[in-house]
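A.B. asks: Show me the folded form of this:
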Amino acid sequence: MNGMSHSTYVCGYCGSEQSREFPPCTCPDCGHFGPERDFPSRESLAVAQQSDRLRAALALIAPRLCQERIDLALDEGADLIRAATVTVAPDLRGSIILTPGIAAEGIAFVQEAVVACAVDRNFTESNDPWADHSFGTLDVQGKRIWWKIDLYDADCSGGAENPADPAETHRVVTILFPSEY
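C.D. replies: The predicted model follows:
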């Protein structure tokens, strides 16, 4: 054994899997030729699917977000505002974090931004190079916003060691203006 670690990569066109040291650029089964992004690792696909499920759940909680809670955090000078905790399934959970700039736009803007994040499917090589669906750019009420997902361990004390395992991972969705990055 040469000690090289292999990952399983999946052809984005036919679903064929290959175990390799590096991402392929050609599928031996369907012949597709393309960039690395067309052949994500099995782990990246799992992370993307779980993050998509969590983001989809945001649309359900957006109407319940509370202006008073956001105003209180703004009055206290919070750097980041935890708007809600989300549990999609017993083993898939996360939080929504708003920056002060987003929160200061008011509850209607916040709710629209959360829903826009939930339904965003515009993943390209430039905004999603690893095909893990952890970042997006959107326009809400004529203003450019970003959303990002960070993957922490279950108690949010450090990065997730195995981000493809939802039981060990707490996802934090942050909605911000580009100027707040």
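
A.B. asks: who touches the longest strand seen in the chain?
C.D. replies: For the chain, the strand reaching the highest residue count under DSSP state E is reported as strand 143-153. Contacts to strand 143-153, defined as C-beta atoms under 8 Å, 6 or more residues apart in numbering, come from residues 47, 51, 54-55, 94, 102, 105, 109, 113, 116-117, 120, 133-139, 158-161, 163, 168-178, 181. For glycine as for every other residue, the C-beta is placed from the backbone atoms N, C-alpha and C.

A.B. asks: ok, how many other residues are close to the nearest residue to Pro100 once chain neighbours are set aside?
C.D. replies: Take Pro100 and drop its neighbours on the chain: the residue closest to it by C-beta to C-beta, 6 or more residues apart in numbering is Leu74, 6.1 Å away. Counted with other C-beta atoms under 10 Å, residues neighbouring Leu74 total 14.

A.B. asks: Could you verify my assumption that His141 touches Phe109?
C.D. replies: Residue 141: Gln, not His. Yes - Gln141 lies in contact with Phe109 (C-beta atoms under 8 Å); the separation is 5.9 Å.

A.B. asks: higher neighbour count, these two?
C.D. replies: Neighbour totals were compared for Gln141 and Phe109, and Phe109 leads with 16 against 12 (other C-beta under 10 Å).

A.B. asks: If you count contacts, what does the one helix or strand that one maps to end up packed against?
C.D. replies: Assessed by DSSP states H and E, Phe109 sits inside helix 107-119. Applying 3 or more C-beta pairs under 8 Å, 6 or more residues apart in numbering; DSSP states H and E, we find helix 107-119 packed against helix 42-61, helix 67-75, helix 100-103, strand 135-140, strand 143-153, strand 169-176.
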